[in-house]
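> Would you be able to build a 3D model of this:
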Amino acid sequence: MAAPILSYEKLGLIQGEGWLFRDLDIYIGERDRLALIGRNGAGKTTLLKCLAGLIDPDEGKRTIVPGAHVVLLEQDPKMDGHETLRDWVLHGRDAPQPHEADAIAHQLGIDLERPVATASGGERRRAAISRALAQQPDVLMLDEPTNHLDLGAIEWLEEWLKRFKGAFIAISHDRTFLARLTRSCLWLDRAQLRRAEIGFGGFEAWTEKVYEEEARAAEKLDAKLKIELHWLQRGVTARRRRNQGRLAKLNDMRAQRAAMLGSAGAAKLALVKDDVRSKTVIDADQVNKAYGDRPIIRDFTLRVQRGDRIGIVGPNGAGKTTLLKLLTGELAPDSGSVTLAKTLSGIVIDQQRRLMDPGKRVRDVLANGGEWIEVRGSKKHIKGYLKEFLFDPTLADAPIASLSGGERSRLLLAREFARAANLLVLDEPTNDLDLETLDLLQEVIADYEGTVLIVSHDRDFLDRTVTVTLGLDGSGKVDVVAGGYEDWIRKRYEDHRPRSATKASAPKTVDAAPRPSQPNRKLSYKDQRDYDRLPDEIERLQADVAKDEAALGDPDLFLREPDRFARITERIARNRAEIEAAEFRWLEVAEMAEGLARA
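Modelled structure (predicted):
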């Protein structure tokens, strides 16, 4: 193995009354692509700051190749004291060259002259990325880089990182992002750090193997209680089985919903046990909304059924928030109608997490300082309820200020899911959550008895959660697709695909305009090559995924051949990422071809 560009030996840090972590050995090679994974509160962000040299640990020796430049993209950089985003981007002795920052900012679509005081979370994130990348790092450390980014910006960042010649280490809740980019995993778990030379696609299989080995060792040593709490919280094998059952149920619901979208009311969904008497809870009919001369929503019709999980996706500024407000009755349409069921009562979990007062205790937030919490009509002890949301029950009296950002988000979810309501509105719910909490959130949503509206840029989360996707492209048109994010991308791909390149068996869409099979004017050699080859490449990759998924259908494969199981899982994740990238590239050149044909 080549000498690392950055390493730490016996790294240890005290936090509060004890060690946050200790005796960690870390090395980062010149072209490493590392995922740093761990539960909220495990110390991931703190570890990145130690590696970047921003925090002095209590123990350990840091070694770095002379002249190597380490850059940390913080999750929430402080911009106070700077008038514009440009002022912040170009501040300090490590400031990038202005032309470098401007070039990246232009590609990300951010105006650096925007005042800091009025900049949105997405604009601040783009500015922070512009500063970090323009500094030309040798080692890039990314703390939740996709937070507040829309899909276009996420895809741009992914492509940049694929071309990046240095090393990077990323903390992210975005499974698709990690699966597409990483080749090794660092797992910070119970104050220990483990490394595996597998991409994120093989992470879950690897961790399950570790837990099973620990369980066997604990039984031999009669020390099972030492890991029991974590084992119960993680619930590895049981959770995998529940996830499989949940996804099977989700696929059934999507199939039923697809039939209903064909002709409203043609199929029946299973009844849920809430107090909404009518099966239709939101009825939008020929809805139009514009701001000035710009159409935001055009001719939108949808009946939201009781129990639906609706995902809303699209680039920033496409109208996602407007559509959400129309569906919840907060905003009136210019024409058309939106009718809500009389008994519909909703709760909104927004991006700001405004309810988390740092001066309060956990029990104050959950139970107004008491021992019992009312959970949708039944009483539960606060400590038992905390365990359901992956908290140590002893945290009941902990101040909110002592919780990490992800733990605060998880606590807010625990509070809001306890309330009696039959409509749940989630605005970017995955921000700041660790992967285990995302698994939990998926389970809670699946078991929720009401209707859920979700605005999110997390592609994997949508694929695992929603029954219907509403896709906006900024033109005012809203695609209504039974399924998740991948199903929406597939529809866009089919809508743009030339008729000569579409198989006879492919589903037809009534709103897809005819596409020319050949552009009238020439594409570049590379564009034409991608235009011609990608449909077959996508079909090949889809066939490979189907074959591997069939292999994973063997319930004994993991126990019998864990290494093969890990390889197949990682290959599926890699192929799905390649399919997604190929579909977006094909859409890009197809739209170019269409534009040339019209010219």
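> Could I get the phi/psi values of residue 357?
Note on residue 357: its backbone torsions stand at phi -70, psi 120 [degrees, to the nearest 10].
> Verify the stated contact: it with residue 399.
No: with contact defined as CB atoms under 8 Å, residue 357 does not reach residue 399; the gap is 9.7 Å. From N, CA and C alone the C-beta is placed, and that goes for glycine too.
> what number of residues lie near the nearest residue in space to residue 77 that is not next to it in sequence?
Excluding the flanking residues, the one nearest residue 77 by CB to CB, 6 or more residues apart in numbering is residue 128, at 5.2 Å. For residue 128, the count of nearby residues is 23 (other CB atoms under 10 Å).
> what's the helix or strand harbouring residue 128 packed up against?
Using DSSP states H and E, residue 128 sits within helix 121-134. With contacts defined as 3 or more CB pairs under 8 Å, 6 or more residues apart in numbering; DSSP states H and E, helix 121-134 has these neighbours: strand 70-73, helix 85-89, helix 98-108, strand 139-143, helix 151-163.
> least trustworthy helix or strand in the chain by mean pLDDT?
Sorting the helices and strands of the chain by mean pLDDT, DSSP states H and E puts helix 225-234 at the bottom, at a mean of 42.
> Please enumerate the strands of the stretch 151-300 of the chain.
Secondary structure of the stretch 151-300 of the chain (DSSP state E, counting those that start in this stretch): strands at 167-171, 184-189, 192-196, 280-291, 294-305.
> could you dump those to a markdown table with mean neighbour count, distance to residue 565 and mean pLDDT?
A markdown table is the format used below for the strands of the stretch 151-300 of the chain (neighbours: other CB atoms under 10 Å; distance: least, CB to CB, whole Å; pLDDT from 0 to 100):
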| stretch | mean neighbour count | distance to residue 565 | mean pLDDT |
| --- | --- | --- | --- |
| strand 167-171 | 24 | 25 | 96 |
| strand 184-189 | 20 | 16 | 92 |
| strand 192-196 | 15 | 14 | 91 |
| strand 280-291 | 18 | 41 | 91 |
| strand 294-305 | 19 | 37 | 91 |
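> Looking at those strands, spot the one closest to residue 319.
Taking CB to CB, strand 294-305 is the member of the strands of the stretch 151-300 of the chain nearest to residue 319, at 4.2 Å.
> wait, doesn't residue 335 sit right on residue 284?
No: the criterion here is CB under 8 Å, and residue 335 misses it with residue 284 at 11.9 Å.
> tally of neighbours for residue 573?
For residue 573, the number of neighbouring residues by other CB under 10 Å comes to 24.
> wait, what's in contact with it?
For residue 573, the contact set (CB atoms under 8 Å, 6 or more residues apart in numbering) comprises 179, 199-202.
> Out of the residues you listed, grab the one that's most surrounded.
Using other CB under 10 Å as the neighbour criterion, residue 200 leads those with 28 neighbours.
> Grab the nearest non-local neighbour of it.
residue 178 (3.8 Å).
> what does the model give the one you found for pLDDT?
At residue 178, the predicted lDDT confidence score is 92.
> how about the closest residue to residue 26 other than its chain neighbours, what does it touch?
In this structure, residue 26 finds its nearest non-sequential neighbour in residue 8, 4.7 Å apart by CB to CB, 6+ apart. Residue 8 makes contact with 24-26, 50-51, 60-63, according to CB under 8 Å, 6+ apart.
> ok, now how distant is the residue most central in space within the chain from residue 175?
The centre of the chain sits closest to residue 458, judged by CA atoms, centre = their mean, with a distance of 2.9 Å. Between residue 458 and residue 175 the distance is 8 Å, computed by CB to CB, to the nearest Å.
> Over to residue 320?
Separation of residue 320 from residue 175 (CB to CB): 21 Å.
> swap in residue 549?
Between residue 549 and residue 175 the computed distance is 16 Å (CB to CB).
> hang on, residue 384 packs against residue 393?
Yes: counting by CB under 8 Å, residue 393 is a contact partner of residue 384 at 7.5 Å.
> any low-confidence regions in the protein?
The chain contains residues with pLDDT under 70 at 1-2, 217-247, 260-278, 347-355, 495-521, 553, 555, 558-559, 594-595, 597-599.
> Domain map for it?
The chain breaks down into these domains under automatic domain parsing: 6-208, 251-488, 497-598.
> could you dump those domains to a markdown table with distance to residue 215?
Formatted as a markdown table, the domains of the chain follow (distance: least, CB to CB, whole Å):
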| stretch | distance to residue 215 |
| --- | --- |
| domain 6-208 | 10 |
| domain 251-488 | 18 |
| domain 497-598 | 13 |
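> so where do the helices sit in the stretch 251-400 of the chain?
320-327, 362-367, 382-388 (DSSP state H, counting those that start in this stretch).
> how about the strands of the stretch 151-300 of the chain in JSON lines, adding distance to residue 378?
Below are the strands of the stretch 151-300 of the chain laid out as JSON lines (distance: least, CB to CB, whole Å):
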{"stretch": "strand 167-171", "distance to residue 378": "37"}
{"stretch": "strand 184-189", "distance to residue 378": "33"}
{"stretch": "strand 192-196", "distance to residue 378": "38"}
{"stretch": "strand 280-291", "distance to residue 378": "23"}
{"stretch": "strand 294-305", "distance to residue 378": "26"}
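> what's the closest of those strands to residue 249?
The minimum distance between residue 249 and the strands of the stretch 151-300 of the chain falls on strand 294-305, with 15.4 Å, by CB to CB.
> Give the other helices and strands that the closest one contacts.
Judged by 3+ CB pairs under 8 Å, 6+ apart, strand 294-305 is in contact with helix 236-262, strand 280-291, helix 320-327, strand 335-340, strand 478-482.
> okay, these in TSV with distance to residue 365 next?
Shown next, in TSV, are the helices and strands packed on strand 294-305 (distance: least, CB to CB, whole Å):
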stretch	distance to residue 365
helix 236-262	26
strand 280-291	29
helix 320-327	25
strand 335-340	29
strand 478-482	36
